[in-house]
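Trainee: Provided below for reference: sequence and predicted model.
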Amino acid sequence: MVFCLYMFRRQDSFQIFLIALLCFISSYTWNTLRKPEIHPFYLHAGQEHGFAGKILQSGEFNDDRFTFAFQTHQGHRLWVKGRMEPGNPSARAENLLQQGNRIAFSARIEDPHQYFTHGGKVSDFLLRNRYQGMLLIEDLDHIQLHSVAPFWMQWLRGLRNWVALQVDRVSSHQPLQQLLKGMLLGDFPRNSETYLYFQEIGLAHFLAVSGYHFYFLMGLLMVLLYFMGISTPQREWIVLMVLGLYLIIGGFQVSALRAFFMSSMLLLAIIYRGHYQAHMAWSASALLILLWNPWLLFQPGFQMSFIGALLVAELGRYSWGFWILPLPLMAVASAHFHTLQPLGMITVFLFSPLLALFFIGSWLSLVFGSLPFIPLGWVLEQLYHYFFFLVKAFQSIFWSYRFISFPGLPVASMFYVLLLMAWLILKNQSLIFSKAWMKRITLGLCLLPLMLIFIPSYHPGHLEITFLSIGQGDAIFIQLPGRTNILVDAGPGPSKKSSWDPSRQCLLPFLRSKGINQIDYLILSHFHDDHYGGLKTVFEHIPMVDTFIYPAYMSTDAKEFNSQYQQFTRKARRTSAVCADQPIVLDPHSYITLYGPVCDSWYLDKVEENDRSIVFKLKYGEISVLFTGDIEHSGEQKLIESYGGEISSHILKVPHHGSGSSSSEAFLDMVQPLYAVISCGKNNFFGHPSRKVIERLDNRGLTTFITHETGHLLMKSNGSEIFWNFSIQP
């Protein structure tokens, strides 16, 4: 309130900076003092216990999984994940897991210290989101509803549902519906194709309720009310009420709260004829939000919104500010989203006018959504097709975006130090610059932080193989110390029963988190869609695929693959159809030996598609890994006859997802693995892995991993030793 009282007075810029800095230091200290810890009941991991309390965040559903935030009666905040029948969630499931509902359930306690994700430790993920533990519910039916959410929560939910219904009436075109709902409700599906493209070219913030939407709405209303003859202060009060309604509809997101507070202070300054200072409004907004929830300081939405607003307020006064503006956001973007947009400001400048038309259309849909004689939907659909064509064209430009793994705190700190130096010199250039060489040095200081873009992707100094938990399918990512990236298969494509898309929700986030901008070898083991379904996502969103390798034979499945995916595989710089006995030298310490497919027409004609899989052994130092695709008994027997003990390996990627038609006794005797990895989905239709196969592996004393149990499975090797880590996906 102190900041609100003083916001109309002129303050020295340095004092304002100190006040804002004090807000952040106070919030950080408050966070440190109140930092939650993982509750010690994780020591009882694996045990079933009963829990009762309220839902803090409505459930999110992905195919056969759901998650929600929960608080017990004792005040413990927990992250709950569970399983259900595959497909879209039922109305009962959505109504049951609504924010504010009080529920009771039995769940298994999980130990978060044992798990890792592509973003780090699961325990760190929990603490960043103020969770003190992790639970697993085996079945949605285990949850009992005790009482529904308070009336005001139900009213807010009903209002948002009405807005969504009005948008749906405008057009049946789903991508357009998602775009309009994103601008009105801030509720945009993160796994959609549109969101991926928007994120990669720097437009994702337009899909949430942010400052752009508030200020555009405020300016538009002020102009309309002016021409309607409504004068001050009635005009400002009307705008303030509409902005308040927009805040409610938008679900009180952090960026919306910041924009509402700052725009409200501007309107109040106009009403009471006070002096508005953006710095003071910014400081007041930060203080109010952080007092409400100090932990928001570490959320990407808070950081991006407040850093962006401060930069606009400070740099907008300078002619060079437009070009410097995106630089301070780079480190934040790389830390949270692993994506940089070198052409971000140009993208925003080009696409903002078109997005403004959609924003106006979203508000018109609230008024005209139920009037069939107004062709609003048709106009917006035509505009969307034109707009999305431009988005895809811009995304395809080389260097329009880059994936980057977070460079670490020291590099990020140096990045901001250089930016601060450049800003101070430029701001005082009239006092400092007297010679041309000084200006050149300043320009160099401004451009130097851009080198962050060229920081190479993360590459280990050893072999890393990640067997991705991608459902019922295969996707394996291999990284060699010589900066060679290999992707073996890309998993299944989008689910036909739900919005679940493993390639967008598992494979691509994993590659992005590692900063993978180039795949040197993309190997397709055979032509079944549980292995090639994700190729579309890979070719559309990974900037460079150097060599695409596939089996050198033609079959009905191969023809079907070519008809659907040839337009994507053409994007690879090279394609190579391979047969057995073609060696691939990766670097001086590692190579690939191909054992299949046998390109003998007599053999290929008598076997099924699975037995035509590419089979190869990766050799790194003294360690070898055998990748087997989906071969069955016929393929295994052919390997034994042709190569014998040559296929012996330390690690076996178990053929055909652990099917009973594979992994014969003779084959296992010949390979003699120490470890076995089975890639399959939970409760899959085929019953993989077969109990008989598991028994064969156990009888040999192998250590067996199943991806639906371990999550992403990471193998590391220095060439003589093998180490394992496994993860779950929060």
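Mentor: The structure has been received and is ready for your questions.
Trainee: if I look at residue 601, what pLDDT would I see?
Mentor: Looking at residue 601, its pLDDT is 78.
Trainee: counting neighbours, what do you get for it?
Mentor: 8 (other Cβ atoms under 10 Å). Glycine gets a C-beta too; all of them are placed from N, C-alpha and C.
Trainee: residue 618 now?
Mentor: Using other Cβ under 10 Å, residue 618 has 23 other residues around it.
Trainee: spell out the secondary structure type for the residue nearest the centre of the chain.
Mentor: The residue lying closest to the centre of the chain (Cα atoms, centre = their mean) is residue 509, at 5.0 Å. Secondary structure, DSSP: H, G, I helix; E, B strand; the rest coil: residue 509 is helix.
Trainee: any idea how far residue 190 is from it?
Mentor: Plainly put, residue 509 is 10 Å away from residue 190 if you go by Cβ to Cβ, to the nearest Å.
Trainee: could you do residue 208 as well?
Mentor: As judged by Cβ to Cβ, residue 208 and residue 190 stand 11 Å apart.
Trainee: quick check: residue 577 is in a helix.
Mentor: No - applying three-state DSSP, one finds residue 577 to be strand, outside a helix.
Trainee: domain assignment for the chain?
Mentor: Per automatic domain parsing, the domain ranges recorded for the chain read 2-29+155-402, 40-149, 409-454, 463-726.
Trainee: OK, contacts around residue 303?
Mentor: 297, 332, 336 (Cβ atoms under 8 Å, 6 or more residues apart in numbering).
Trainee: so which helix or strand takes in the residue nearest to the second one when sequence neighbours are not counted?
Mentor: The spatially closest residue to residue 332, leaving aside those adjacent along the chain, is residue 303, at 5.1 Å (Cβ to Cβ, 6 or more residues apart in numbering). For residue 303, the enclosing helix or strand under DSSP states H and E is helix 300-315.
Trainee: just so I have it, where are all the strands in the stretch 451-600 of the chain?
Mentor: 463-467, 476-480, 484-488, 518-523, 544-551, 574-578, 584-587, 590-596 (DSSP state E, counting those that start in this stretch).
Trainee: show me where the stretch 201-350 of the chain has its helices.
Mentor: Assigned by DSSP state H, counting those that start in this stretch, the stretch 201-350 of the chain shows helices spanning 211-227, 234-249, 254-271, 278-292, 300-315, 321-324, 329-336, 344-368.
Trainee: and for the stretch 51-200 of the chain?
Mentor: Assigned by DSSP H, counting those that start in this stretch, the stretch 51-200 of the chain shows helices spanning 91-96, 122-128, 151-170, 174-185, 193-201.
Trainee: got those as TSV, with distance to residue 567 and mean neighbour count columns?
Mentor: Shown next, in TSV, are the helices of the stretch 51-200 of the chain (distance: least, Cβ to Cβ, whole Å; neighbours: other Cβ atoms under 10 Å):
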stretch	distance to residue 567	mean neighbour count
helix 91-96	37	14
helix 122-128	38	18
helix 151-170	32	15
helix 174-185	20	22
helix 193-201	16	21
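Trainee: for residue 484, which of these is the nearest?
Mentor: Set against residue 484 and scored by Cβ to Cβ, those come closest in helix 193-201, at 24.2 Å.
Trainee: so for residue 208 and residue 190, which sits in the more crowded spot?
Mentor: Neighbour count, other Cβ under 10 Å: between residue 208 and residue 190, residue 208 has more, with 23 against 13.
Trainee: distance of the more buried one relative to residue 255?
Mentor: Distance from residue 208 to residue 255, by Cβ to Cβ: 6 Å.
Trainee: re the thing from before, separation between the residue nearest to the centre of the chain and residue 608?
Mentor: For residue 509 relative to residue 608 (Cβ to Cβ), the value is 34 Å.
Trainee: check residue 271 and give its pLDDT.
Mentor: At residue 271, the pLDDT recorded in the model is 89.
Trainee: that one contacts residue 235, correct?
Mentor: No - look at residue 271 against residue 235 with Cβ atoms under 8 Å: they stay out of range, at 9.4 Å.
Trainee: coming back round to it: need the helices of the stretch 51-200 of the chain in a markdown table (columns: distance to residue 581 and mean pLDDT).
Mentor: Compiled in a markdown table, the helices of the stretch 51-200 of the chain are given as follows (distance: least, Cβ to Cβ, whole Å; pLDDT from 0 to 100):
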| stretch | distance to residue 581 | mean pLDDT |
| --- | --- | --- |
| helix 91-96 | 53 | 78 |
| helix 122-128 | 44 | 69 |
| helix 151-170 | 58 | 85 |
| helix 174-185 | 47 | 88 |
| helix 193-201 | 40 | 87 |
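Trainee: just put the ones you listed in JSON lines and tack on distance to residue 420.
Mentor: Formatted as JSON lines, the helices of the stretch 51-200 of the chain follow (distance: least, Cβ to Cβ, whole Å):
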{"stretch": "helix 91-96", "distance to residue 420": "48"}
{"stretch": "helix 122-128", "distance to residue 420": "26"}
{"stretch": "helix 151-170", "distance to residue 420": "41"}
{"stretch": "helix 174-185", "distance to residue 420": "34"}
{"stretch": "helix 193-201", "distance to residue 420": "28"}
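Trainee: having no further points to raise, I will conclude here.
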